[in-house]
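Peer 1: Here is a sequence together with a model predicted from it:
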Amino acid sequence: MLLSIVIPALDAAETLGAVIGAIEEGSDGALALEIVVVDGGSIDETAAIGERLGARVVEAPRGRGRQLIAGADAAAGEWLLFLHADTRLGAGWMSAAASHAGDPANRETAAVFRFALDDGAARARRIERLVGWRCRFLALPYGDQGLLIGRAFYQALGGFKPIELMEDVDIIRRIGRDRLRVLDVPAITSAARYLAVGYMLRPLLNLFCLALYFSGVPPRLIARVYRWGG
């Protein structure tokens, strides 16, 4: 079974190498693997790093939704794993992914990983617990937890939408609580945004963006608020 890992990237030279390295370190041969980096017009060495590390690099218009769509279209895998360019998969990720993908009962389910931050501070653990609560009670993981999904199910859902922000919330809502699993392997995301803005303000901005989305505000306008937070 071939798993295609799709990584939308924009000026991600500082993190992409570690992300691909973690994928390879956690590969145990349980799945055949391809990595597709979708560059949205980087002006740094993102594309070069991806190519040097053996990824297939494709270009797409800037915008995570559009990049994810392009990556899925370019990928060859029966299963797809969408992963942010600043998120490293923890040890054992492939075994967990193979177990999920290999179970026929999961043909119409999707899975995400457990959220973690690459900051040893206690405040980071508090954020992790809050995200865990959101996933358990609201069934609302974000894209920084990855998304593992069979291609047939992805296509049946209509795939990602070509929107600038909230593409992750949009597809998770279409998947639904009963068809979503959380794999007990961490997806370790960069804490840079939290460190830049603050461990109180960043979650509040995220919550405000989510409220705007559910209120019907266009994602292109929500993106301005999100970018204000770094």
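Peer 2: That came through, no problem.
Peer 1: Do a quick rundown of the strands in this protein.
Peer 2: 2-9, 32-39, 56-59, 79-82, 87-89, 110-117, 147-150, 180-189 (DSSP state E).
Peer 1: so what strands line up beside the fourth one?
Peer 2: For strand 79-82, the paired strands and their directions (DSSP bridges) are strand 2-9 (parallel), strand 147-150 (antiparallel).
Peer 1: Redo the ones you listed as CSV? Include mean neighbour count.
Peer 2: For every residue, glycine as well, the C-beta is placed using N, CA and C. Written out in CSV, the entries for these read as follows (neighbours: other Cβ atoms under 10 Å):
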stretch, mean neighbour count
strand 2-9, 24
strand 147-150, 24
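Peer 1: could you dump these to CSV with mean pLDDT?
Peer 2: Putting those into CSV (pLDDT from 0 to 100) gives the following:
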stretch, mean pLDDT
strand 2-9, 98
strand 147-150, 98
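Peer 1: Can you find the helix or strand in this protein with the smallest mean pLDDT?
Peer 2: Each helix and strand of the chain was given a mean pLDDT (mean pLDDT, DSSP states H and E); the minimum falls on helix 219-228 at a mean of 82.
Peer 1: related to what we said a few turns ago, please identify the most buried of the strands of the chain.
Peer 2: Comparing those by mean neighbour count (mean count of other Cβ atoms under 10 Å), strand 79-82 ranks first with a mean of 26.
Peer 1: Give me the contacts around it.
Peer 2: Outside of strand 79-82, the residues that reach it under the criterion Cβ atoms under 8 Å, 6 or more residues apart in numbering are 1-6, 8, 31, 68, 71-72, 97, 101, 143, 146-151, 154, 160.
Peer 1: Report the mean confidence score over that strand.
Peer 2: For strand 79-82, the mean pLDDT works out to 98.
Peer 1: Out of the strands paired with strand 79-82, which gets nearest to residue 92?
Peer 2: Using Cβ to Cβ as the measure, strand 147-150 is the one of the strands paired with strand 79-82 that comes nearest residue 92, at 13.7 Å.
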